[in-house]
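J.: coordinates only, no sequence provided:
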């Protein structure tokens, strides 16, 4: 079947569809479909070779890519996306827990194997652009939950000098979801999340990021209207203080379970984020209801304030 006018393909949770057949279908003779939106959400069969093949096939026409819950993807997929999909506006990688700083920076972790992927070679795949220092290598034969080696200042010096396919290449991004990519740290977030047109960003459930990431994102992504940082334990008042002056356009902010925050953060939001409509500070135990009520009275556009169990309320009372 030839569908040259097909622009959107949603295969979310289609667990029994082979990625090879997807590639085959999209590789039909001309005129072929020029997809603009592709969702493979919760397609756990997807591997890096599939992402590479699809990215190379779809090229500059693709605008939205959803790989949420594709749990077996690793850093090689990020390199393929950054290399072949420069026109992406929406990229969702939430819960791709094996993606690390090395992938976002387009660098090979020094401890990883670098044996060429023989399957790739046998298919005769060619590269129209370099993958920088990453190459396209066989995924390392190590347990998935192994913690990657941390990026050092020396590594970042190499990153700044190279011309690779880091996530920086996606200059048109407006919506980025990296939630629950728990191996990401300040090392990559502060270096590659520099998108002047980015409007929506989720960094929820990244336990290793700190105030440095928040301040950097606010400074470099000054068009943000929605920011999710829930369950980021190292985000504190200092980060909010540094970031708030650059977040004048912010309308939706999610900070639930950020227990390092206090009433001081709310004061900074009142001072600098006048356009806030939604604020989630549920289970922030050092924020008081009195300050929440003050915030509601002083922000002219506020509509929804989620503040369940603030102030250290005892959750065991619900059991």
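T.: Right, received. Where do you want to start? Source: prediction; values computed, not measured.

J.: please make it C-alpha for all contacts and neighbour counts, starting now.
T.: Noted.

J.: strands along this protein, start to end?
T.: Applying DSSP state E to the chain gives strands spanning 8-10, 37-39, 64-66, 90-92, 175-177, 200-202, 226-228, 252-254, 278-280, 304-306.

J.: what about the fifth one, average pLDDT?
T.: If you average the pLDDT over strand 175-177, you get 98.

J.: can you check the first one too?
T.: Throughout strand 8-10, pLDDT has a mean value of 96.

J.: and if you look at stretch 52-64?
T.: 93.

J.: what does stretch 261-268 give?
T.: Here the average pLDDT along stretch 261-268 is 98.

J.: ok, now stretch 204-217?
T.: 98.

J.: measure how far it is from the centre of its chain, please.
T.: Put simply, stretch 204-217 sits 12 Å off its chain's centre (CA atoms, centre = their mean, to the nearest Å).

J.: dump the residue contacts of residue 300.
T.: For residue 300, the contacting residues are 274-275, by CA atoms under 8 Å, 6 or more residues apart in numbering.

J.: state the pLDDT value of it.
T.: Note on residue 300: pLDDT of 96.

J.: picking that back up, between the strands of the chain, which one is closest to residue 78.
T.: Closest approach to residue 78 among those (CA to CA): strand 90-92, 10.5 Å.

J.: any chance of the strands of the chain in JSON lines, plus mean neighbour count and distance to residue 271?
T.: Shown next, in JSON lines, are the strands of the chain (neighbours: other CA atoms under 10 Å; distance: least, CA to CA, whole Å):
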{"stretch": "strand 8-10", "mean neighbour count": "13", "distance to residue 271": "42"}
{"stretch": "strand 37-39", "mean neighbour count": "19", "distance to residue 271": "39"}
{"stretch": "strand 64-66", "mean neighbour count": "21", "distance to residue 271": "35"}
{"stretch": "strand 90-92", "mean neighbour count": "21", "distance to residue 271": "31"}
{"stretch": "strand 175-177", "mean neighbour count": "20", "distance to residue 271": "26"}
{"stretch": "strand 200-202", "mean neighbour count": "22", "distance to residue 271": "22"}
{"stretch": "strand 226-228", "mean neighbour count": "21", "distance to residue 271": "18"}
{"stretch": "strand 252-254", "mean neighbour count": "21", "distance to residue 271": "15"}
{"stretch": "strand 278-280", "mean neighbour count": "19", "distance to residue 271": "15"}
{"stretch": "strand 304-306", "mean neighbour count": "16", "distance to residue 271": "17"}
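
J.: redo these as a markdown table? Include distance to residue 237.
T.: Output for the strands of the chain, formatted as a markdown table (distance: least, CA to CA, whole Å):
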| stretch | distance to residue 237 |
| --- | --- |
| strand 8-10 | 41 |
| strand 37-39 | 37 |
| strand 64-66 | 33 |
| strand 90-92 | 28 |
| strand 175-177 | 24 |
| strand 200-202 | 19 |
| strand 226-228 | 16 |
| strand 252-254 | 14 |
| strand 278-280 | 15 |
| strand 304-306 | 19 |
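
J.: of these, which approaches residue 21 most closely?
T.: From the strands of the chain, taking CA to CA, the stretch that ends up closest is strand 8-10, at 13.8 Å.

J.: tell me what that closest one is packed against?
T.: For strand 8-10, the packing partners by 3 or more CA pairs under 8 Å, 6 or more residues apart in numbering; DSSP states H and E come out as strand 37-39.

J.: tell me the contacts of the nearest residue to residue 232 once chain neighbours are set aside?
T.: Nearest residue to residue 232 in three dimensions, chain neighbours excluded: residue 207, at 5.1 Å (CA to CA, 6 or more residues apart in numbering). Applying CA under 8 Å, 6+ apart to residue 207 gives the contacts 182, 231-234.

J.: quick one, helices of the stretch 201-319 of the chain?
T.: Ranges of helices within the stretch 201-319 of the chain are 211-220, 237-243, 263-272, 289-298, based on DSSP state H, counting those that start in this stretch.

J.: what's next to the first one, contact-wise?
T.: By that I understand helix 211-220. Here helix 211-220 makes contact (CA under 8 Å, 6+ apart) with 186, 189-190, 193-196, 224, 234-236, 238-240, 242-244, 246-247.
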